[in-house]
Every structure is written in structure tokens, then in C-alpha cells.
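Participant: this is a predicted model, with the sequence first.
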Amino acid sequence: MDSVDDVLTRLRRYPDVEAVNLYAVDAADRLILDTAADAIAAAGSGEIAVIGDAYGALTLGVDAMRASQQDATSQRTGGLSPTDLARPPRVRVHQDLLTGELALAANARELGRDGSYASHDLGPELLTGAKVVLLRMPRMLAGLAEIADAIARYASPDVVVFAGGRDKYLTPTMNDVLAQSFSHVQAGRGRQKSRVIVASSPLPVADSQFPVSERLAEIDGDVVAYGAAFSGARLDIGTRFLLEHLDRMAPDAAEAIDLGCGTGILATALAKSRPGIQVIGTDQSAAAVASARATAEANGVGDRVRVVRDDAMSSAADSSADLVLCNPPFHVGAAVHTGSAIKMFAQAGRVLRPGGELWTVYNSHLNYRGIVAQLVGPTDVIGRNKKFTVTRSVREPRSR
């Protein structure tokens, strides 16, 4: 029987970016599992939920702990009953990012633990009857507020939440956000620059505040956002700069892709400005996909903007788009790393038709121009301000 440490040391990030300075497990994962160990041992089958697990450390760590407990019970009693053996998956899981879901699935297969969990949206199927919730703190306060509201709304009245993260990403405001949904919020002792906050006693809930909606003058319409969607219902400054060049982007394009669409601002703006164009918005975040769909519907272009949850538009066919728009991330999870952006540029080169255009905006200090030229084709700088650069790359015909 694998120990928890055996399981954690074998986890990988794949298919997410892998590098020597990027890890599938960190000290916060281990501290959450250790802090919640007694609660995990006391929980019944189906009473544990995991939210925000990056690559499976919490989910598979819980399963290893529960399997060890079950093995010890079997040794004491001389075997497990048919009822015990037929129990449903022990852990219910919600991961916003598709790469996290795929990594968890791959790690579970590798460790022979495929049936140890079930994935759900953030809602009643995930949380009804849950008495223990393990949570990796999201970076966005709105995301934390939506999660806390869902737990208080659907979980068991005696639920206990073990919410952890790295010290440098935790703020006192997070305690305040949890206190809006729980009457008892207590920060534990730190360890290895990590900390766990324990929340319990859910408060009565009113109507959910999510999704939120804001009027945006730049698209002459509304932006709709769920809690975990990057930038919420606001317009981030990189996207704002890229929008300034919308009219110049591949004027004859019939099919376009908003790669990493977020709340769907670029996809919606493009569809509103060109009545004949079909746009696909793609993002690996479940919250972003739900937000982008709602934004397109709110602006009357839901029939021409199709939004899919995908990893860097990997499901798009080769040579299937005339135009790709991209505001790539400059980090992978918490680490500053160009791997995700490079992956997106490479996919754009594959998906664009010959003569098709990639328009991207990025922090000028990253100097992506040479990389994009190599992966897509000839690249020109179209705009530059104090912080951002906008480039246009033209896909060259494939060599035979």
C-alpha cells in the first residue's frame, strides 16, 4: 500500500508545462493534508470534497490516507464487507483549470487510483453532504468568495474547511472573505512558508452574488464574470490595448479564435464589429468559459461566438482559422514562466491557415517577437506603449 509521501513524490504536472523550477506538489499541499488528517479519518464515504487541487496532491493524498485507514480496519476485522467494497468514489473534486483535471487523471492512472474521485462543477453535486472540504486558496478574492458561498450554501451544516496556500499569496483580506460565509475562521500555525485557515459553522446564505455584470464602454455592452475568471468583469489593460487595433485585424477573416478568452471581451467585440464572422473562444478555466458564454449572450452574439474549455485550443483543427487573438499569461500558476505563452504561440501556428494572422499583446520586457516569428511567421510590431507591445504575425505556407 503506497504511503501518502510515496503518492506525492510520484506526481507530475503533465500535460501542463513542466520544468525544473515547476512542481506538482508544494509545502501547502502537505500542510493541508496534515492539518486535516483527523477530519479526513473521521469522515464517511462521500463526505470529503476537494477544491482547487493543482495536479492531484490533495485528491490522491486523501485517497492514500483513506486507503491506509481502510487497510488498517481490514487487518483488525479480518476483511471488508461487500458494502465497504462497493462504496462510491471517496473524494468529490472541483478544479477550475483543465490542465489540473488532465494532470489529476493522468496521475491517478499512473498510481492505479482511477476510481478514487469524481469531478464536478462548483455546486450541489460537489458539496451536498460534504463534511470536510480541502481548498487550495485561489489567487482572486472573488474566486474565494464564490467558493465560500457555495460551501456554505450546499455543504453539511457541520462542514469544516481547510483552506491553505503559500504565505506570500495569503492576505488578511482572505480571512475576511471567509468570515462572510462562516462564523468561525481561524488561521493555523505556519510551516515551510505555508499556512492553513480553518473555517466552520456556515452562515445563512442569501441569493448568490455571482456572476457579476458590468457595463463596458469599449464593447458598448456588458461583461459577465464568475468569481474565478481573470480580471473579473473589468477590462485588463493588455486587452484594452489590443482592442484599439481591432479594425486592422485580418479584415476578410471569416473564422477567428480568441485564444485564452477569459470573460470573452475580445471574442464578443470582434463578433459585434463584424456581423459575418464566426468566433471561437477557448480557455482552460471553467469560470472563464462560463463567463465568456454569458458575455456573448448578454451582447446578442451568442449564436456566432462558441466557447470551449480547452488547453491552448488543442481541439481546433489544423489550418482552421483566419485570425487568432491572444493575450497570453506571463506566469504558470504562481511562477513567472513563459512556457504557457510559448505553447499558445505554437498552437496558433498550427491552427492558422496560410496567410492567417495572429495578433497578440504582451508585456514589452518579455520580448516575444522573435519567438512568435519562429513559431508562426513574419512578425511586425503594430503598437507599443509604456508597458505593452502588440504584434501581428502572418502564417507562412507550410513547406512540403
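Facilitator: Perfect, thanks for sending it. Residues are numbered from 1 along each chain as shown.

Participant: tell me which element the closest residue to A49 other than its chain neighbours falls in.
Facilitator: Take A49 and drop its neighbours on the chain: the residue closest to it by CB to CB, 6 or more residues apart in numbering is A130, 4.2 Å away. Just so you know, the C-beta spots here come from the backbone N, C-alpha and C atoms, and that holds for glycine as well. Secondary structure assignment for A130, by DSSP states H and E: no helix or strand.

Participant: isn't A130 up against S156?
Facilitator: Yes - applying CB atoms under 8 Å, one finds A130 in contact with S156, separated by 6.0 Å.

Participant: quick revisit: how many residues are close by the residue nearest to A49?
Facilitator: 22 (other CB atoms under 10 Å).

Participant: mind listing the shared neighbours of A130 and S156?
Facilitator: Common neighbours of A130 and S156, counting by CB atoms under 8 Å, 6 or more residues apart in numbering, are E47.

Participant: so which residues of the stretch 101-250 of the chain form strands?
Facilitator: All strands of the stretch 101-250 of the chain, identified by DSSP state E, counting those that start in this stretch, fall at 117-119, 132-136, 160-166, 182-187, 194-202, 212-216, 221-225.

Participant: buried deepest among those, which one?
Facilitator: Burial of those is given as mean neighbour count (mean count of other CB atoms under 10 Å); strand 132-136 ranks first at a mean of 26.

Participant: what about it, distance to the chain center?
Facilitator: 16 Å (CA atoms, centre = their mean, to the nearest Å).

Participant: rounded mean pLDDT for it, please.
Facilitator: Averaged over strand 132-136, pLDDT sits at 98.

Participant: strand partners of it, parallel vs antiparallel please.
Facilitator: Strand 132-136 pairs in its sheet with strand 48-51 (parallel), strand 160-166 (parallel), by DSSP bridges.

Participant: residue ranges with poor pLDDT in the stretch 251-400 of the chain?
Facilitator: Residues of the stretch 251-400 of the chain that meet the criterion pLDDT under 70 lie in 330-338, 398-400.

Participant: all strands of it, in order?
Facilitator: With strands called from DSSP E, counting those that start in this stretch, the stretch 251-400 of the chain shows them at 255-259, 278-283, 305-309, 321-326, 331-332, 335-336, 352-363, 379-384, 388-394.

Participant: out of the ones you listed, which comes closest to D63?
Facilitator: strand 305-309 (24.9 Å; CB to CB).

Participant: name the residues that touch that closest one?
Facilitator: Contacts with strand 305-309, where a contact means CB under 8 Å, 6+ apart, come from 98, 261, 264, 267-268, 271, 278-286, 289, 292-293, 296, 315.

Participant: take that strand, keep the C-alpha atoms, and write them as PDB.
Facilitator: C-alpha atoms of strand 305-309 as PDB (Å, rounded to 0.1, in the frame of the first residue of the first chain):
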ATOM      1  CA  VAL A 305     -19.400  33.100 -30.500                       C
ATOM      2  CA  ARG A 306     -18.900  29.500 -29.500                       C
ATOM      3  CA  VAL A 307     -16.900  29.000 -26.300                       C
ATOM      4  CA  VAL A 308     -15.000  25.800 -25.400                       C
ATOM      5  CA  ARG A 309     -12.900  24.600 -22.400                       C
END
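
Participant: what bridges to the most centrally placed residue in the chain?
Facilitator: Of all residues in the chain, the one closest to the mean position by CA atoms, centre = their mean is L97, 2.7 Å from it. Taking DSSP bridges as the rule, L97 bridges to S285.

Participant: and it, how far from D310?
Facilitator: Separation of L97 from D310 (CB to CB, to the nearest Å): 11 Å.

Participant: do A41 as well
Facilitator: Here A41 is placed at a distance of 38 Å from D310 (CB to CB).

Participant: just want to know which of the two has more residues nearby.
Facilitator: The residue with more neighbours, out of A41 and D310, is D310; 21 against 12, by other CB under 10 Å.

Participant: ok, G188 - contacts?
Facilitator: 35, 195-198.

Participant: coming back round to it: mind checking which of the contacts of strand 305-309 are buried?
Facilitator: By neighbour count, with 16 or more other CB atoms under 10 Å, these hold 98, 261, 264, 267-268, 271, 278-286, 289, 292-293, 296 as buried.

Participant: if we can go back for a sec, nearest to A217, of the contacts of G188?
Facilitator: Nearest to A217 out of the contacts of G188 is I197 (CB to CB; 38.5 Å).

Participant: residue contacts, that closest one?
Facilitator: Taking CB under 8 Å, 6+ apart as the test, what I197 contacts is 137, 162-164, 170, 174-175, 178, 185-188.

Participant: recalculate using a threshold of 10 Å.
Facilitator: 35, 135, 137, 161-165, 170, 174-175, 178, 182, 185-188 (CB atoms under 10 Å, 6 or more residues apart in numbering).
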